[in-house]
Structures are given as structure tokens and as C-alpha cells.
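**Student:** this one's structure only:
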């Protein structure tokens with residue numbers, strides 16, 4: 001899925017979100033596994049997918065009991081894909097025919113529930129075909145019970161063979177012990193009849209399988225449709241759970257208001273804290289997010305990437321409002337690089353990865369997120385590298401977002417946001433916080449403002465690290481040396 005490795009999917013919270021999807025049917029589970037992304041050119045299809053989520057949410061509010069009945073029907077289905085795939089080239093056995101009959105009986109109940117004229121769900125791309133005739137093949141007497149047996153209704157010859165076999169079994173049961181020759185003769189007759197019974201059963205199963213072949217496409221379409229319905233239900237319930245919003249499809253910019261990351265919010269909530277929602281606009285070209293270390297730049301970047309990916313997967317996004325375009329690719333360059341495990345340094349992995357996407361970024365419309373590039377180099381060299389890469393990206397057909405704590409890398413044609421940081425700790429107000437800060441570093445993080453503030457290209461990065469040294473009353477001699485080197 002795009003250029004995100006497994007570590008990055010976990011880091012941005014994508015794995016957490018996907019773990020929240022609990023399919024009701026095995027077909028929904030398969031759809032979740034193979035979920036694909038919409039790409040430029042498929043905007044209409046994405047709109048229809050978002051329409052479906054919106055319709056489910058409205059239907060759930062208007063008809064909660066009926067949606068519960070549909071869900072209950074979905075939970076009854078078993079996965080018969082393996083059996084259906086055998087039909088073209090094999091003869092199904094009695095157990096397999098039993099499984100298909102069970103599916104068809106469950107589908108009949110589901111179809112009647114879903115197609116109820118009093119409750120019109122009307123989802124795009126999700127239609128079901130009635131399978132009454134297919135069910136008659138396995139339930140010719142319309143008994144409507146799950147067990148399946150090959151009996152006289154399928155073959156009069158089979159019924160006669162079984163009747164004869166039963167008579168002989170009764171004779172054997174009541175035969176006197178001393179009549180051994182008679183018993184052996186009867187057993188031989190039974191063996192012959194049993195063989196004939198197996199042959200006739202095979203003929204019947206071949207005939208039933210042949211008849212079911214006529215409905216292969218209907219089986220496949222219905223099972224896929226069940227999976228798609230299940231997936232849309234999961235998307236809708238996820239949106240409802242997190243109060244997500246239907247995004248609008250834009251062209252060349254990302255505009256988000258009060259966006260958040262449920263994965264990060266989940267862990268903060270365990271500590272009794274809340275995630276700061278962020279708002280920003282990112283145009284084609286480069287936007288820099290600056291701020292001191294521990295200032296929330298990485299969190300902001302990963303939150304943006306997560307919501308962009310989910311948008312392209314056809315989900316509602318975790319924001320008050322959002323406008324996003326469809327990208328050919330979404331790439332994240334961060335410390336979560338697999339190549340580090342292969343022996344490369346962090347910087348080496350970053351350069352290797354970036355070099356690999358240069359041609360792609362020249363030819364396609366991409367979202368490229370770069371988190372603290374060149375953090376492992378000396379500041380002067382690192383700032384120069386970041387500046388050069390940003391200059392290159394500013395001329396590409398892409399939306400590039402870069403976080404950095406380096407000064408002097410933002411150019412006039414770049415967008416520029418800054419993490420607000422320790423705004424409460426102004427130079428004249430530090431004294432009042434010192435006593436409270438002695439209780440621990442949690443007090444400092446509680447007063448860190450992680451919101452994004454749009455600033456000029458020449459706005460300097462706040463010296464929050466120095467402020468923290470002042471708040472916790474670092475040794476005066478050391479503090480003066482720090483201040484002298486920085487100011």
C-alpha cells in the first residue's frame with residue numbers, strides 16, 4: 001500500500017485503525033485484506049464509496065433495528081469460496097453440498113431482509129441476485145432445513161438400492177448364529193448393494209454439481225457483494241465511533257481543520273491526556289513544519305499521512321473538515337526505515353530511499369512526507385542538505401511536507417508552519433512555573449502547545465530547549481554557557 005513499510009504503517013497508526021475493523025462475515029474479512037486505494041482518475045468511484053458510507057450512517061440512525069438484522073444475517077455466513085472454486089473441475093461430495101445448502105438458506109434470509117421494500121439501503125456497486133432456483137437444487141422439497149441428504153427425490157434407483165440393502169441388513173440382524181453360510185451370502189449381497197449405492201450417489205452428486213455450475217457467476221457476485229457491504233459497514237462504524245468526517249476531493253492542495261490521529265489519541269488517553277488537533281493547508285510545492293525537538297512535528301506529519309492514506313482507501317477522515325486530492329503515491333521518509341536494520345545509518349537509509357523515488361516524483365503526483373531529514377548529520381551540513389532537497393521538491397509536481405528543527409532552511413516560496421511549543425513560558429513568565437515544574441517533566445508536556453501556527457519564512461525556531469533548561473533550573477554555570485553559545 002503505497003511506499004509505506006510495516007514499521008511506518010504502525011508508526012502512523014494505520015495498523016491500529018485497520019485493527020478496529022471487525023468484519024461480520026468471512027467475505028468482509030477478505031475484502032479488508034485486499035482493500036485497494038483510489039488513484040487519480042477514480043474520483044467518481046471514490047465519491048460513490050463515500051456516498052455509501054454516508055448512506056449507511058444515515059440508515060443506521062433512521063433504522064437501527066433493521067441494520068442490526070442485516071448485521072445478524074452477515075454473521076451467519078460461512079466461507080464457501082473454496083467449495084465454489086472446485087465446481088468447474090470436480091464433483092462435490094455430500095459434505096460440500098451440505099455447506100452450499102447452508103449458505104443458500106442463510107442467503108435467502110439475508111436477501112429478504114436486505115431487499116425489504118420498507119427499508120431502502122440503496123448502495124452504489126452493491127447489488128444482490130436472488131438464488132431461489134439454486135436453492136431448489138439442494139432443497140427440492142422446499143423444506144428449508146439445513147441438513148442435506150441424497151435421497152429418493154434425486155434418484156428412484158438409489159431409493160430401490162437402499163431399500164434392498166435395508167432388507168438384507170434386517171435379515172442379517174435377526175439371523176440365527178449357527179447359519180454362517182447364509183450370513184456370508186447375505187453379507188456379500190450387502191457389499192454389492194453398497195457398491196451400487198456409492199456409484200449411484202456419485203452419479204447424483206455429479207448431476208447436482210453440474211446443475212450448480214449454472215450459478216457460479218451468481219455465487220461469486222453475491223459473495224463479493226456481501227464482502228463489500230461488510231466493508232462499508234465497517235467503514236461507517238469506524239466513522240461513527242471516532243466522529244470522522246466525509247472529506248471533499250480537491251486537486252492540488254490539502255486543507256485540514258482539527259485533524260487528529262486516533263492511534264496517538266488512544267495512548268494519550270491512557271495517560272489521562274488529550275491529543276492536540278491541528279489545522280493547516282499544504283499546497284503543491286514544499287511546506288516546512290519547524291519547531292524544537294519534542295515539539296510534536298513528527299506527530300503532526302504522521303497524522304497528515306495517516307488521514308491522506310485513509311482518504312485514498314475510501315474512509316472518512318478524522319477531522320472537522322478536510323479537502324484532499326488523490327495521489328499516485330504517498331511516501332514517508334522517517335526514522336522508521338527498514339534499511340537501518342540492514343546496516344545503513346539513519347541518514348544513509350534516508351538518502352537511499354529518497355534517491356529511489358526521485359524519478360517517480362518527477363513523473364507522478366505524489367504526497368511526500370519527510371520527517372527530520374539529515375538529523376544524524378552535523379547541523380551545518382544537515383541544514384544545507386535539507387535546504388537543497390526542499391529546493392528540488394519545490395519545483396516538482398508534488399505536495400511535499402518536511403519537518404525540521406534546523407534554522408534558515410525555509411525559503412520565501414515555501415509554506416511554513418511552526419509548532420506553537422512552550423508559548424506559555426515567555427521570558428518574563430518563567431518564574432511562576434518553576435515550582436510546579438519540580439513535580440516532574442509531565443508538567444512541561446502538559447503546557448506544550450502542539451498546534452500548528454502559520455508563520456513567515458524567516459521566523460526563527462523557538463528556543464524551547466533553552467526554556468526547559470531555565471524552567472527546571474539547570475545549574476547556573478551550565479545554563480550561562482548554554483545561553484552564551486546559543487544567543
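**Tutor:** Everything's here; your move. Because the structure is predicted, anything quoted here is derived from the model rather than measured.
**Student:** Can you give me the buried ones in stretch 257-264?
**Tutor:** Residues 259-264 are the ones in stretch 257-264 that count as buried (16 or more other C-beta atoms under 10 Å). For every residue, glycine as well, the C-beta is placed using N, CA and C.
**Student:** In helices only, show me those residues.
**Tutor:** Taking DSSP state H as the definition of helices, those contribute 262-264.
**Student:** Do you know the pLDDT at residue 283?
**Tutor:** At residue 283, the predicted lDDT confidence score is 96.
**Student:** any idea how far it is from residue 247?
**Tutor:** 17 Å (C-beta to C-beta, to the nearest Å).
**Student:** who's more crowded, those two?
**Tutor:** Neighbours were counted for residue 283 and for residue 247 using other C-beta atoms under 10 Å; residue 247 has more, 23 against 13.
**Student:** surely the more buried one meets residue 324?
**Tutor:** Yes. Here residue 247 reaches residue 324: they are 5.6 Å apart, a contact under C-beta atoms under 8 Å.
**Student:** Would you mind listing the residues touching both of these two?
**Tutor:** Contact with both residue 247 and residue 324 is made by residues 311, 317, according to C-beta atoms under 8 Å, 6 or more residues apart in numbering.
**Student:** Show me which helix runs longest in this protein.
**Tutor:** Across the chain, the longest stretch assigned as helix under DSSP H is helix 180-213.
**Student:** Do me a favour and average the pLDDT over that helix.
**Tutor:** If you average the pLDDT over helix 180-213, you get 89.
**Student:** Pull out the buried positions in that helix.
**Tutor:** For helix 180-213, by 16+ other C-beta under 10 Å, it's 186, 189-190, 193, 196-197, 200-201, 203-205, 208-209, 212.
**Student:** Just the closest of those residues to residue 78, please.
**Tutor:** Nearest to residue 78, judged by C-beta to C-beta, of those is residue 212 at 16.5 Å.
**Student:** check contacts around that closest one.
**Tutor:** 87, 92, 100, 134, 137.
**Student:** Tell me where the stretch 351-487 of the chain has helices.
**Tutor:** 379-393, 431-437, 442-446, 464-471, 476-486 (DSSP state H, counting those that start in this stretch).
**Student:** Worst mean pLDDT among the ones you listed?
**Tutor:** The minimum mean pLDDT among the helices of the stretch 351-487 of the chain belongs to helix 431-437 (a mean of 54).
**Student:** before we move on, the earlier item: among the contacts of residue 212, which pair sits farthest apart?
**Tutor:** Maximum distance among the contacts of residue 212 (C-beta to C-beta): 13.2 Å, for 92 and 134.
**Student:** what's around residue 20, how many residues?
**Tutor:** Using other C-beta under 10 Å, residue 20 has 14 neighbouring residues.
**Student:** And the closest residue to it other than its chain neighbours, how close does it get to residue 37?
**Tutor:** Nearest non-adjacent residue to residue 20, counting by C-beta to C-beta, 6 or more residues apart in numbering: residue 238, 5.7 Å away. Between residue 238 and residue 37 the distance is 17 Å, computed by C-beta to C-beta.
**Student:** cool, residue 383 as well?
**Tutor:** Per C-beta to C-beta, residue 383 is found 35 Å from residue 37.
**Student:** Ok, residue 247 next?
**Tutor:** Using C-beta to C-beta, residue 247 is found at 14 Å from residue 37.
**Student:** Pull the distance from stretch 280-287 to the chain's centre.
**Tutor:** How far stretch 280-287 lies from its chain's middle: 26 Å, per C-alpha atoms, centre = their mean, to the nearest Å.
**Student:** ok, residues contacting stretch 60-70?
**Tutor:** Residues outside stretch 60-70 that contact it (C-beta under 8 Å, 6+ apart): 56, 59, 110, 113-114, 116, 119, 121, 229, 236, 240.
**Student:** buried ones in that stretch?
**Tutor:** Using 16+ other C-beta under 10 Å as the burial criterion, the residues of stretch 60-70 that qualify are 60, 63, 66-67, 69-70.
**Student:** Helices of the stretch 151-300 of the chain, residue ranges please.
**Tutor:** 156-174, 180-213, 216-242, 262-270, 297-312.
**Student:** What is the nearest of the ones in helices among the buried residues of stretch 257-264 to residue 394?
**Tutor:** The nearest member of those to residue 394, counting by C-beta to C-beta, is residue 264 at 29.1 Å.
**Student:** right, and that closest one touches residue 275 too?
**Tutor:** Yes. Here residue 264 reaches residue 275: they are 5.4 Å apart, a contact under C-beta under 8 Å.
**Student:** which residues are in contact with both of these two?
**Tutor:** Common neighbours of residue 264 and residue 275 are listed as residue 299 (criterion: C-beta under 8 Å, 6+ apart).
**Student:** if I look at residue 94, how far off is residue 156?
**Tutor:** Per C-beta to C-beta, residue 94 is found 19 Å from residue 156.
**Student:** the more surrounded of the two?
**Tutor:** For residue 94 and residue 156, the more surrounded residue by other C-beta under 10 Å is residue 94, and the numbers stand at 13 against 9.
**Student:** what about that one, distance to residue 209?
**Tutor:** As judged by C-beta to C-beta, residue 94 and residue 209 stand 11 Å apart.
**Student:** what's the answer for residue 414, then?
**Tutor:** According to C-beta to C-beta, residue 414 stands 66 Å off from residue 209.
**Student:** Can you give me the domain boundaries for the chain?
**Tutor:** 6-10+22-236, 242-486 (automatic domain parsing).
**Student:** Reformat those domains as TSV; add distance to residue 16.
**Tutor:** Converted to TSV, these look like this (distance: least, C-beta to C-beta, whole Å):
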stretch	distance to residue 16
domain 6-10+22-236	8
domain 242-486	4
